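**Q** generate coordinates for the sequence data below:
(one chain, ligands or ions: 1)
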Amino acid sequence: MHPAVSLKQTAAPAARPIRRVLIANRGEIAVRIARACRELGIESIAVYSEADAGASHVRAADRSVLIGPAPASQSYLRGDHLIEVAKQLEADAIHPGYGFLSEREWFARAVREAGLIWVGPPAEAIAAMGSKTAARTLAIAAGTPVVPGTTEALRDAAQAAELAAQFGYPVLLKAAAGGGGKGMRVVRAPAEVASALESAQREAQNAFGDDAVYIEKYIEGPRHVEIQILADAHGTCVAVGERECSIQRRHQKMIEEAPSVAVSPELRKRMGDAAVAAAKAAGYVNAGTCEFLLDAHGEFYFLEMNTRIQVEHPVTELVTGLDLVQWQLRIAAGEQLPFTQAPEPRGWAIECRITSEDPAHGFLPSTGRITALHLPSGPGIRWDGGIEVGTTVGLSYDPMLAKLIVHAPTREAAIARMRRALQELVIEGVETSCEFHLRMMDDPDYQRGAVDIQWLEAKLPALLGAPAPEETLRAAAVGAVLLAERDRQGRARQVGNGSANGAARSDAVDAQGGASSEVRGWARLAREESLRRS
Ligand code: ADP
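**A** Got it, this is the predicted structure:
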């Protein structure tokens with residue numbers, strides 16, 4: 001063996017090959033992990049709840065095990081049971097994906113104590129980054145800039161008001177244990193402090209079993225830009241570029257890109273260095289992400305570190321050519337990163353989260369059975385999905401069904417490609433976010449990249465307000481039927497015949513469902529009328 005290699009390896013944990021992995025997750029990310037395993041010649045074991053029998057991820061893996069009923073608390077969140085299953089089936093490692101148990105320190109520790117390899121960072125690094133306040137303390141010590149604010153939980157409303165006055169309104173109250181945008185309240189005036197604190201604490205207690213809330217300056221109009229990290233167990237920690245995630249609704253990402261229009265090579269280097277410093281301070285190993293807010297002046301502030309693979313990892317993969325999930329497995333098996341610097345981003349990648357939410361109705365969750373699925377294909381298209389025809393979409397899990405990702409030489413070409421891909425995509429059986437994404441691709445602000453994290457909320461009414469031509473037509477048809485009903489009711493009253501009402505209503509119901517011949521007629525008239533007017 002080469003002396004330099006053996007020297008480095010003695011300092012790191014003993015390398016152990018991974019031959020079989022239990023995937024402690026479901027949906028698209030479980031499919032993604034099974035694919036990475038297969039390409040590396042690793043066997044994969046899927047676990048599934050009763051609601052997920054026959055799901056895509058079950059089929060993607062080499063073997064599968066039923067782990068319990070639909071509620072996650074009785075299946076995907078039963079860490080001890082998952083470890084038992086892994087041991088029974090002689091798996092070497094557990095990959096947690098994102099969500100579920102991925103950022104539970106106790107689980108990472110229990111996996112390790114069971115003699116299994118944890119495909120993720122050390123439990124100590126998860127703990128160090130697990131609470132937002134602890135992460136802030138660590139980042140400050142590492143010299144990474146953080147949003148002005150406290151590193152300790154607030155005692156009461158009086159203290160909160162005092163600190164808010166010091167930082168200047170608006171401020172943000174945030175759950176220390178927070179995630180998924182929960183336990184966060186913007187406060188714009190002293191009068192709002194007490195009730196905001198109370199509701200943030202209540203929400204934090206309910207969501208995380210921990211009511212600790214701290215205070216930060218609320219930054220107006222920043223972008224959310226995050227840095228992907230890869231670190232091996234031999235001391236190499238590399239920033240592999242940024243992702244722009246400013247298109248958010250209720251602090252939840254909807255569309256992500258790499259690179260970011262707001263990041264120059266010089267800023268990329270500075271943000272990358274800051275992220276690496278924070279990761280190293282936590283003793284980080286494996287893939288992770290440092291999230292930052294980037295303001296209009298190019299100042300950036302550390303928000304938190306996600307100690308797992310992220311939903312939006314594919315955009316980084318497409319512009320760097322790195323397979324991040326394969327690297328997670330290789331690093332966990334003790335491999336060394338063969339580079340100390342990441343490649344400069346090549347081209348542009350965009351990801352749209354395809355969720356079972358209905359944008360036309362306030363993004364209400366939609367449930368049902370997928371009855372038809374046509375996937376886009378052709379140049380530069382990637383589909384990371386967890387659905388197929390026959391999949392039942394319920395309310396037990398996250399509404400994200402899949403991710404549609406495109407790669408093209410320029411941002412403009414990537415937007416055009418995403419529009420084309422969304423037009424090709426057909427999902428029937430549930431309402432999806434596709435129409436929202438299509439409208440986004442046509443939005444002039446989005447096309448110019450002139451967005452920040454508050455942009456979408458302000459834009460949504462206008463974006464979704466103008467109905468699509470088909471909807472206009474449908475609405476016109478329904479309206480016409482309702483008018484006809486009123487006329488008929490009038491006539492019925494005149495002749496004293498009450499039954500006409502029912503008949504007319506059934507026509508209107510048809511109009512919303514399958515369209516009766518009368519409705520089709522009205523629709524034709526409405527279309528002719530709109531053509532005549534335009
Ligand atoms: P979570 O872990 O709940 O997702 P984050 O700290 O990552 O919470 O914040 C989620 C989102 O909330 C960010 O992407 C950003 O849009 C917004 N946000 C968080 N902190 C601030 C802040 N200090 N000022 C303005 N917006 C913020």
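**Q** isn't Gly241 right next to Ala342, touching?
**A** Yes: applying C-beta atoms under 8 Å, one finds Gly241 in contact with Ala342, separated by 5.8 Å. Where C-beta positions appear, they are placed from N, C-alpha and C, glycine not excepted.
**Q** name the residues contacting each of these two.
**A** Any residue near both Gly241 and Ala342 by C-beta atoms under 8 Å, 6 or more residues apart in numbering counts here, and that gives 272, 320.
**Q** tell me which of these two has more neighbours.
**A** Gly241 (24 against 20; other C-beta atoms under 10 Å).
**Q** residue contacts, the more buried one?
**A** Gly241 sits next to 227-228, 258-259, 268, 272, 316, 319-320, 342, 345 when contact means C-beta under 8 Å, 6+ apart.
**Q** and for Pro69?
**A** By C-beta under 8 Å, 6+ apart, the contact set of Pro69 is 49-51, 75.
**Q** same question, Glu388
**A** Contacts for Glu388 (C-beta under 8 Å, 6+ apart) come out as 56, 370, 373.
**Q** name the element the last one belongs to?
**A** It refers to Leu373. Taking DSSP states H and E as the criterion, the element that holds Leu373 is strand 372-374.
**Q** next, the residue nearest to Gln205 when sequence neighbours are not counted: secondary structure please.
**A** Counting by C-beta to C-beta, 6 or more residues apart in numbering, Gln205 lies nearest to Asp211, which is 4.1 Å off, once chain neighbours are set aside. Applying DSSP: H, G, I helix; E, B strand; the rest coil to Asp211 yields a three-state assignment of coil.
**Q** count residues in the vicinity of Asp211, would you?
**A** Around Asp211 there are 18 other residues, counting by other C-beta under 10 Å.
**Q** kindly report the same for Thr150.
**A** 18.
**Q** against Ser195, how distant is it?
**A** Computed as C-beta to C-beta, to the nearest Å, the Thr150 to Ser195 distance reads 20 Å.
**Q** in the stretch 401-534 of the chain, what residue lies closest to the ligand?
**A** Among the residues of the stretch 401-534 of the chain, Ile453 lies closest to the ligand, at 3.7 Å counting by C-beta to the nearest ligand atom.
**Q** got a pLDDT number for that residue?
**A** With respect to pLDDT, Ile453 has a value of 97.
**Q** quick one: secondary structure of it?
**A** Of the three states, Ile453 takes coil under three-state DSSP.
**Q** how near is it to Thr392?
**A** When distance is defined by C-beta to C-beta, Ile453 is 34 Å away from Thr392.
**Q** same drill for those two, tell me which one is more crowded.
**A** More neighbours sit around Ile453 than around the other of Ile453 and Thr392, counting by other C-beta under 10 Å; the figures are 20 against 16.
**Q** residues contacting that one?
**A** The contact partners of Ile453, taken as C-beta under 8 Å, 6+ apart, are 221-224, 246, 248, 293.
**Q** what residues does this structure put near the ligand?
**A** Within reach of the ligand by C-beta under 6 Å from any ligand atom, the chain has these residues: 147, 172, 178-182, 216-219, 224, 248, 251, 291, 293, 303-304, 453.
**Q** what segments of the stretch 51-200 of the chain are helices?
**A** All helices of the stretch 51-200 of the chain, identified by DSSP state H, counting those that start in this stretch, fall at 56-60, 79-88, 105-113, 123-130, 132-141, 157-167, 193-208.
**Q** can you give me the angle the fourth one makes with helix 105-113?
**A** To tie it back to what came earlier, the one meant is helix 123-130. Relative orientation of helix 123-130 and helix 105-113, computed by axes from the mean of the first three to the mean of the last three C-alpha atoms, to 10 degrees: 170 degrees.
**Q** swap in the fifth one?
**A** Between the direction of helix 132-141 and that of helix 105-113, the angle (the same axes, to 10 degrees) works out to 80 degrees.
**Q** buried stuff in helix 132-141?
**A** Residues of helix 132-141 classed as buried under the neighbour-count rule (16 or more other C-beta atoms under 10 Å) are 132-133, 135-139.
**Q** let me have those in JSON lines, adding pLDDT as columns.
**A** What follows is those, written out as JSON lines (pLDDT from 0 to 100):
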{"residue": "Lys132", "pLDDT": "94"}
{"residue": "Thr133", "pLDDT": "95"}
{"residue": "Ala135", "pLDDT": "95"}
{"residue": "Arg136", "pLDDT": "96"}
{"residue": "Thr137", "pLDDT": "96"}
{"residue": "Leu138", "pLDDT": "96"}
{"residue": "Ala139", "pLDDT": "96"}
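**Q** closest to the ligand out of those residues?
**A** Lys132 (6.3 Å).
**Q** check contacts around the closest one.
**A** Lys132 makes contact with 174-178, 214, 303-304, according to C-beta under 8 Å, 6+ apart.
**Q** of the residues you listed, which pair is most distant in space?
**A** The most widely separated members of these are Ala177 and Leu303, with 14.5 Å between them, by C-beta to C-beta.
**Q** so which of the contacts of Ile453 are in strands?
**A** Under the assignment DSSP state E, these contribute 223-224, 246, 248, 293 to strands.
**Q** of all those, which comes closest to the ligand?
**A** With C-beta to the nearest ligand atom as the yardstick, the closest approach to the ligand among the ones in strands among the contacts of Ile453 comes from His224, at 4.0 Å.
**Q** how about the closest one, nearest residue that isn't a chain neighbour?
**A** Spatially, and ignoring its direct neighbours in sequence, His224 is nearest to Cys245 (4.5 Å; C-beta to C-beta, 6+ apart).
**Q** tell me how far that neighbour lies from Ala274.
**A** 17 Å.
**Q** averaged pLDDT, stretch 328-342. What do you get?
**A** 97.
**Q** buried residues in it?
**A** Counting neighbours by 16+ other C-beta under 10 Å, one finds that the buried residues in stretch 328-342 are 328-334, 336-337, 342.
**Q** quick one: contacts of stretch 358-377?
**A** Stretch 358-377 is touched from outside by 249, 355-357, 383, 385, 387-395, 399, 404, 420-433, 435-436, 464, 467, 471, with contacts defined as C-beta under 8 Å, 6+ apart.
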